[in-house]
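> Sharing a model that was predicted from the sequence below.
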Amino acid sequence: MPVKIITVEREYGSGSANIARTLAERLGWKLWDQELSAEIARVANVDTLAARRCDERVDPLLYRLFKVYARGSYERALTTGESRVFDTDCMVDMLHQIIEDVASRGNCVIVGRGSPYILRKHPDAYHVFVYAPVDEKVSRIQTLGKTQNEALELVHEVDRERAEFIHHYFGKEWPCRPLYNLMINSKFGDDFVIDSILQNIELLQQRQTQRSVSA
């Protein structure tokens, strides 16, 4: 079956946002990154700007986990337009629905948000994990205006919280290596990573075609 979905899971600071964006552009596919958080807010009828102003008044651990992992900023005590509590569990339920929905449309690149776990049974999905040495990640984060110490702290903190999020909501280790078709080091450059992903997908599809013919 042709690949119609690429999920990009990543270590923080590995450059995956730019890699996923460029990959989607080269394929002419839809990128789902920050758009996923916006879609959750839309579906839940939660005002995104208001949500970002919320503090950690309730359940700070799960609020912080989801904020860091999904890059959204939604308060666990927010009320939706249907006057029901919009908490992190509700958010994750919606995340499942939204990722399944966007995946059903095909031709898309989805960044993180548990997408490799949610779409693990989709035969048309190709799952990538991007990692990098610590010094490479720190260097990339520093280009965003962080000091070396701040960048180093973020490298450890964000990935630790991503691991906690995945363990809590999916009962899996992070990264769960058996899920991925390709795990690749971004220290060799974004173009190298993108070319490798596309070449691997092409080889995979060639092998699938050969098997179907021989069968």
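Perfect, I can see it now. Numbers count the residues shown, from 1 in each chain.

> Quick check: buried residues in the lengthiest helix in the chain?
The longest helix of the chain (DSSP state H) is helix 190-214. Judged by neighbour count using 16 or more other C-beta atoms under 10 Å, the buried positions of helix 190-214 are D190, V193, I194, I197, N200, I201. For every residue, glycine as well, the C-beta is placed using N, CA and C.

> of those, closest to P178?
Closest approach between those and P178, by C-beta to C-beta: N200, at 16.6 Å.

> was I right about that closest one contacting L182?
Yes. Counting by C-beta atoms under 8 Å, N200 touches L182, with 5.4 Å between them.

> what's the overlap in contacts for those two?
The contact sets of N200 and L182 overlap at Y126 (C-beta atoms under 8 Å, 6 or more residues apart in numbering).

> so where's the protein uncertain?
Where the chain drops to pLDDT under 70, the residues are 37, 40-41, 44-89, 91, 215.

> can you pull out the helices in it?
Going by DSSP H, the chain shows helices at 16-27, 34-44, 48-52, 60-70, 88-105, 115-118, 134-142, 148-170, 190-214.

> could you give the angle of the longest one to helix 16-27?
Think helix 190-214. Per axes from the mean of the first three to the mean of the last three C-alpha atoms, to 10 degrees, the angle that helix 190-214 makes with helix 16-27 is 50 degrees.

> quick one: the residue sitting nearest the centre point of the chain from L95, how far?
In the chain, the C-alpha nearest the mean C-alpha coordinate belongs to G112, at 0.8 Å (C-alpha atoms, centre = their mean). Distance, G112 to L95, using C-beta to C-beta, to the nearest Å: 10 Å.

> what's the neighbour count on the residue nearest to V8 when sequence neighbours are not counted?
Excluding its sequence neighbours, the residue lying closest to V8 (C-beta to C-beta, 6 or more residues apart in numbering) is A20, at 4.5 Å. Residues lying near A20 (other C-beta atoms under 10 Å) number 27.

> What of A38?
For A38, using other C-beta under 10 Å, the count is 13.

> when you give positions from now on, start the count at 32
With 32 as the first residue, the last one maps to A69.

> so how far is P147 from it?
Between A69 and P147 the distance is 21 Å, computed by C-beta to C-beta.

> Same check on E195?
In this view, E195 and P147 are 17 Å apart by C-beta to C-beta.
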